[in-house]
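> Have a look at this prediction, sequence included:
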Protein chains: 4
Amino acid sequence: MSELTLEAAKTIIETAFAKGRELGLKPLAVAVLDSGGHLKAFERADGASFLRPKIAFGKAYGSIALGAGSRALHARAEQQAYFINAVNALADGNLVPVAGGVVIRDAQGNAVGAVGVTGDTSENDEACALAGIEAAGFQADTGA
Amino acid sequence: MSELTLEAAKTIIETAFAKGRELGLKPLAVAVLDSGGHLKAFERADGASFLRPKIAFGKAYGSIALGAGSRALHARAEQQAYFINAVNALADGNLVPVAGGVVIRDAQGNAVGAVGVTGDTSENDEACALAGIEAAGFQADTGA
Amino acid sequence: MSELTLEAAKTIIETAFAKGRELGLKPLAVAVLDSGGHLKAFERADGASFLRPKIAFGKAYGSIALGAGSRALHARAEQQAYFINAVNALADGNLVPVAGGVVIRDAQGNAVGAVGVTGDTSENDEACALAGIEAAGFQADTGA
Amino acid sequence: MSELTLEAAKTIIETAFAKGRELGLKPLAVAVLDSGGHLKAFERADGASFLRPKIAFGKAYGSIALGAGSRALHARAEQQAYFINAVNALADGNLVPVAGGVVIRDAQGNAVGAVGVTGDTSENDEACALAGIEAAGFQADTGA
């Protein structure tokens, strides 16, 4: 299994921010977690509000905790809100069930971490996460 | 970036109370938070019930935490209750998604704090918040 | 039993701040709670750090919750830290066992609320609380 | 009051890591918080264990929450453990009372944020924090 290095995490963040600028998005916050759900690197752009660190973390945490991008959690929340509420209690509240959280997989398909992006629409947030994961040479799993 | 002084916070509270008396509203509670979501000043009118401090705080906290007045949170709650539930978990329960929480912005548009008003209808609460912010010389962002 | 009005609470805060200026103290935060332990009024001076609201509240909360000023909690903490820890768990963490929290009593000795002051040394904080309570025409119970 | 930009936060982290390499320290984790105690940027070196993000955050959080570097909290903990326990409850457990958390002050002395470093001894951690703050052009307040 490959490991997610700090170098790779920084590439993901830098590329996600670059994608946000390219698309003209609002100020973003980007969190990268390791396979154990622990923070590896994080950056919050100037102007992004202060709950963004927790939202970015929560999108990534829910993704790596359940092994699928937060888009899958979103779909489940639309159908069974009580299930997501129950899982969120187990996750100590660290779960944000909308798109923008993406599992990072190596060439063999192993989950090596997750990235969470927040600040613009969920769709745009996810596009930035995908750009970052690709730039770092990993596979993205959005949960779609 | 301007700073929200205690003097300005007190002007906001006094003006909000005056507006409430002018409109003949029920007893109000008014909380003013700084840009980090921490309490700067608070007053609860005689006759306002004891959960009002937390409700006033929660309207303001959700507003400054996400960078938009609580009217925006209300709209999101109507569409995606599970999202607001998830963010509320991140906010340790300090989020009240109805109108009456308003972001305080300086002339350059920077968020310098937020005010939360509770005690009457959400619409009336918000009107008092707006009067207070204007009297202190700031711009109001209701999230509308 | 007398009731603690907002007017009285504001007198306590203003007088406490005036006492702090007179003594040349650091920026203070002052919380006034009603007999149920709920916030009535609060002000944080410019320059006081952001955990001060919770510390001021905690000094007052522990005082009114146990019916004696926080000086008594301090003495108990020095002797039986485990007891204060246990009570703090019951109080959801809202208890700060050092001087500066003072019970507000009416002429008949009824506890009508409490004030908590923080920002300088515990001794100085308490002196400001005492000045405020006296100015509002109530009796102070420091727990000594 | 100056604002702590993401650019400055990244300079602090990069310089702290460089100092760690220069001194031959163990793998470090470095957190930079804004004046409201919210995460601005974070990096964890390869090989640093997974609780390091919370420890780095906690050193910085306690510092900015109380307005003095975590060295001051350490001294207080040695004298009044129950006081630090009580404040930690107010801080939801986010307080680590040993050196390595340093308040970032601008030229006028305003607290604009804090940095927390962990991974080696507390003394070495603090040395890295100081190097970072100096490189970013701010003043350091260790609480000494």
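Great, that's in hand.
> Paired strands for the longest strand along chain A, with orientation please.
Taking DSSP state E as the criterion, chain A has its longest strand at strand A:111-118. In the sheet, strand A:111-118 lines up against strand A:29-34 (antiparallel), strand A:101-105 (antiparallel) (DSSP bridges).
> Around chain D, pick out the residues from chain A.
Within chain A, the positions lying close to chain D (Cβ under 8 Å from any Cβ of the partner chain) are A:3, A:5-6, A:9-10, A:34, A:36, A:38-46, A:50-51, A:53. C-beta here means a position set from N, CA and C on the backbone, and glycine is covered the same way.
> tell me the helices in chain A, going along the chain?
A:6-23, A:52-66, A:70-79, A:81-90, A:122-135 (DSSP state H).
> now what about the longest one, what contacts it?
Identification of contacts with helix A:6-23 by Cβ atoms under 8 Å, 6 or more residues apart in numbering or on different chains yields A:28, A:30, A:32, A:40-43, A:45, A:104, A:113, A:115, A:117, A:119-120, A:124, A:127-129, A:131-138, D:43-46.
> Quick one, which of those are buried?
A:28, A:30, A:32, A:40-43, A:45, A:104, A:113, A:115, A:117, A:119-120, A:124, A:127-129, A:131-133, A:135-136, A:138, D:43-45 (16 or more other Cβ atoms under 10 Å in any protein chain shown).
> related to what we said a few turns ago, right, so the helices of chain A: which one is the most enclosed?
Highest mean neighbour count among the helices of chain A (mean count of other Cβ atoms under 10 Å in any protein chain shown): helix A:52-66, with a mean of 28.
> Now that one - C-alpha only, CSV.
C-alpha atoms of helix A:52-66 as CSV (Å, rounded to 0.1, in the frame of the first residue of the first chain):
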residue,chain,number,x,y,z
ARG,A,52,-14.6,25.9,7.1
PRO,A,53,-11.8,24.0,8.7
LYS,A,54,-14.3,21.7,10.4
ILE,A,55,-16.5,21.4,7.3
ALA,A,56,-13.5,20.5,5.1
PHE,A,57,-12.4,18.0,7.7
GLY,A,58,-15.9,16.6,8.1
LYS,A,59,-16.3,15.9,4.3
ALA,A,60,-13.0,14.1,4.2
TYR,A,61,-13.6,12.3,7.5
GLY,A,62,-16.9,10.9,6.5
SER,A,63,-15.4,9.7,3.2
ILE,A,64,-12.5,7.8,4.6
ALA,A,65,-14.4,6.6,7.6
LEU,A,66,-17.0,4.9,5.4
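> chain center to it: distance?
6 Å (Cα atoms, centre = their mean, to the nearest Å).
> Also stretch A:73-92?
Stretch A:73-92 sits 17 Å away from the centroid of its parent chain (Cα atoms, centre = their mean).
> Over to stretch A:17-33?
With Cα atoms, centre = their mean, you get 12 Å for stretch A:17-33.
> Find the residue at the geometric middle of chain A.
Closest residue to the average C-alpha location of chain A: residue A:116 at 2.0 Å, with Cα atoms, centre = their mean.
> if I pick the residue nearest to residue A:118 when sequence neighbours are not counted, what's in contact with it?
Spatially, and ignoring its direct neighbours in sequence, residue A:118 is nearest to residue A:55 (4.3 Å; Cβ to Cβ, 6 or more residues apart in numbering or on different chains). Each residue near residue A:55 by Cβ under 8 Å, 6+ apart is listed here: A:29, A:96, A:116, A:118, B:87, B:90.
> Could you double-check that the last one sits in contact with residue A:94?
This means residue B:90. Yes. Counting by Cβ atoms under 8 Å, residue B:90 touches residue A:94, with 7.4 Å between them.
> Give the residues shared as contacts by the two.
A:54, A:58.
> Kindly report the residues of chain A close to chain B.
Residues of chain A lying near chain B (Cβ under 8 Å from any Cβ): A:48-51, A:54-55, A:58, A:77-78, A:81, A:84-85, A:88, A:93-98.
> and if we set it to 7 Å?
For chain A, the residues found near chain B under the criterion Cβ under 7 Å from any Cβ of the partner chain are A:49-51, A:54-55, A:58, A:77, A:81, A:84-85, A:88, A:93, A:95-98.
> and the residue nearest to residue A:125 when sequence neighbours are not counted, what pLDDT?
Leaving aside its chain neighbours, residue A:125 sits nearest to residue A:100 (3.4 Å; criterion: Cβ to Cβ, 6+ apart). We have a pLDDT of 98 for residue A:100.
> ok, now which ones touch residue A:43?
By Cβ atoms under 7 Å, 6 or more residues apart in numbering or on different chains, the contact set of residue A:43 is A:13, A:30, D:6, D:41.
> let's see 10 Å
A:10, A:13-14, A:16-17, A:28-32, A:53, A:56, D:6, D:9-10, D:13, D:32, D:39-43 (Cβ atoms under 10 Å, 6 or more residues apart in numbering or on different chains).
> sorry, back to before: how far away is the residue nearest to the centre of chain A from residue C:47?
To residue C:47, residue A:116 is 35 Å away according to Cβ to Cβ, to the nearest Å.
> With residue A:30 instead?
When residue A:30 is compared with residue C:47 (using Cβ to Cβ), they lie 33 Å apart.
> Likewise for residue A:85?
Applying Cβ to Cβ, the value for residue A:85 to residue C:47 is 42 Å.
> swap in residue A:97?
Distance from residue A:97 to residue C:47, by Cβ to Cβ: 41 Å.
> Give me the more crowded residue out of these two.
In terms of neighbours (other Cβ atoms under 10 Å in any protein chain shown), residue A:97 is the more surrounded of residue A:97 and residue C:47; the figures are 28 against 14.
> Would you agree that one is in contact with residue A:84?
Yes. Look at residue A:97 against residue A:84 with Cβ atoms under 10 Å: they come within range, at 5.1 Å.
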